[in-house]
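Asker: My questions are about this predicted structure, shown below with the sequence.
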Amino acid sequence: MATTARGVFQDLLDGHKRYLRGPLIHPHTTRDAMLGLAIAQSPEVCILACADSRVSPEIIFDLGLGALFVVRVAGNFADEDNQASLEYAVQHFSPPPALIVVLGHERCGAIQAAAITFDPCSVAPEKVAEFGHHPAPSARLVSLVTRLQPAILASQPSDRAFVTSLYWRYAGQAPDEALPSHCERLAADGVSRGQLEDEFRQGGVAEVNDSEFVTSLYWRYLGCGPDKKLDGYLDKVARKHLENEFRAHRLDNAVCENVKLTVAELQANEVVRASGTFVVGARYDLDDGLVTWLTPTPE
Ligand SMILES: [Zn+2]
């Protein structure tokens, strides 16, 4: 049995490969395996996963009894209790688990609930309406969702990302090197959407739509007025379409940001640090079953 972080990580990769491509071996799932673990356990990996029924760690890594110490909570975040469970694992088992995996997943309902609460613009209107049909969330659920707020805030796409995307479509090719760096500079200069809106207001325009906003940024980028083609293009492309795409990205960004923030919290946890346990973050894709690693993996 592997005991280094790299070794147990490889075991996870191998099991996940079996899950994706077969053949599955369902190790350690027999009665003998159960009896062999009756007195003691020594899991090599801890997993902090969402409670979602489609993301079962033992299944997606093709592992059995005794392999994984799993903490599951909707939204896979590391509050006091979840961290305490992981601290128990790294202090109590000998040797301590070599790896902690924070496992988020695509279209996470908890993340979606947090997005609807803290950034409704990031969620498709029909999803917000659907959520509204649910009973009012309990106080505990509100508390859980609040715990995910930092991930929602961290995931908001920058205006830079928006304008870069539009530019990409407009030009029909990937934006040149200059555009992102130019937008970086605008951001560094504090040219935010809010400031642009102020400028528009001072110019007598009460409400700034995205088309005007992008046109304005484009104007700054080129240093001259946008051509007619851009205006026509922006009208044609329909912001709705782009906004929907961005919403999809925003939710997924939030899933990934939540994983990264949680990994950082666990890496800063003194007990985890003292144990030498490696912490890594991942995202599970509901469409193809693929686990993607979001933070550096053990070498
Ligand atoms: Zn979830």
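Answerer: The structure has been received and is ready for your questions.
Asker: Could you pick out the residues of the chain near the ion for me?
Answerer: Listed as neighbours of the ion in the chain under the rule C-beta under 5 Å from the ion: Cys50, Asp52, Cys108, Ala110. Just so you know, the C-beta spots here come from the backbone N, C-alpha and C atoms, and that holds for glycine as well.
Asker: Next, the contact list for the second one, please.
Answerer: It stands for Asp52. Ala74, His105, Cys108, Gly109 (C-beta atoms under 8 Å, 6 or more residues apart in numbering).
Asker: Check the second one and give its pLDDT.
Answerer: Okay, so that is His105. The per-residue pLDDT reported for His105 equals 97.
Asker: In space, what's closest to it - neighbours in sequence excluded?
Answerer: Nearest residue to His105, sequence neighbours excluded (C-beta to C-beta, 6 or more residues apart in numbering): Tyr284, at 4.0 Å.
Asker: Give me the below-cutoff pLDDT ranges for the stretch 101-250 of the chain.
Answerer: For the stretch 101-250 of the chain, residues meeting the criterion pLDDT under 70 lie at 120-135, 156-248.
Asker: switch the cut-off to 50
Answerer: Applying pLDDT under 50 to the stretch 101-250 of the chain picks out residues 172-173, 175, 224-226, 238.
Asker: how would you label Ser85: helix, strand or coil?
Answerer: Using DSSP: H, G, I helix; E, B strand; the rest coil, the structure places Ser85 in helix.
Asker: Tell me who's in contact with Ile25.
Answerer: Going by C-beta under 8 Å, 6+ apart, Ile25 touches Arg18, Asp62.
Asker: That one and Ser94: what is the separation?
Answerer: 27 Å (C-beta to C-beta, to the nearest Å).
Asker: and if you look at Thr4?
Answerer: According to C-beta to C-beta, Thr4 stands 15 Å off from Ser94.
Asker: Between these two, point out the one with more neighbours.
Answerer: Between Thr4 and Ser94, counting by other C-beta atoms under 10 Å, Thr4 is the more crowded of the two (14 against 7).
Asker: Quick check, Glu299 in contact with Phe9.
Answerer: No. Applying C-beta atoms under 8 Å, one finds Glu299 not in contact with Phe9, separated by 9.3 Å.
Asker: Which of the helices or strands spans the residue in the stretch 151-299 of the chain positioned nearest to the ion?
Answerer: Per C-beta to the ion, Val255 is where the stretch 151-299 of the chain lies closest to the ion, at 8.0 Å. Using DSSP states H and E, Val255 maps to helix 239-268.
Asker: Which residues does the helix or strand just after that helix contact?
Answerer: Heading C-terminal from helix 239-268, the first helix or strand you meet, by DSSP H and E, is helix 270-275. The contact list for helix 270-275 (C-beta under 8 Å, 6+ apart) reads Leu86, Glu87, Val90, Gln91, Pro96, Ile100, Leu266, Gln267, Val279.
Asker: ditto for stretch 287-299
Answerer: 4-6, 9, 16, 19-20, 60, 98-99, 103, 106, 256, 259-260, 263, 278-285.
Asker: Need the distance between the two termini of that stretch.
Answerer: End-to-end distance for stretch 287-299: 29 Å, by C-alpha to C-alpha, to the nearest Å.
Asker: cool, and stretch 44-63?
Answerer: Stretch 44-63 has an end-to-end distance of 11 Å (C-alpha to C-alpha).
Asker: Could I get the buried residue list for that stretch?
Answerer: Under the neighbour-count criterion of 16 or more other C-beta atoms under 10 Å, stretch 44-63 has 44-50, 52, 55, 57-58, 60-63 buried.
Asker: For those, name the two members farthest from one another.
Answerer: Glu44 and Asp52 (23.6 Å; C-beta to C-beta).
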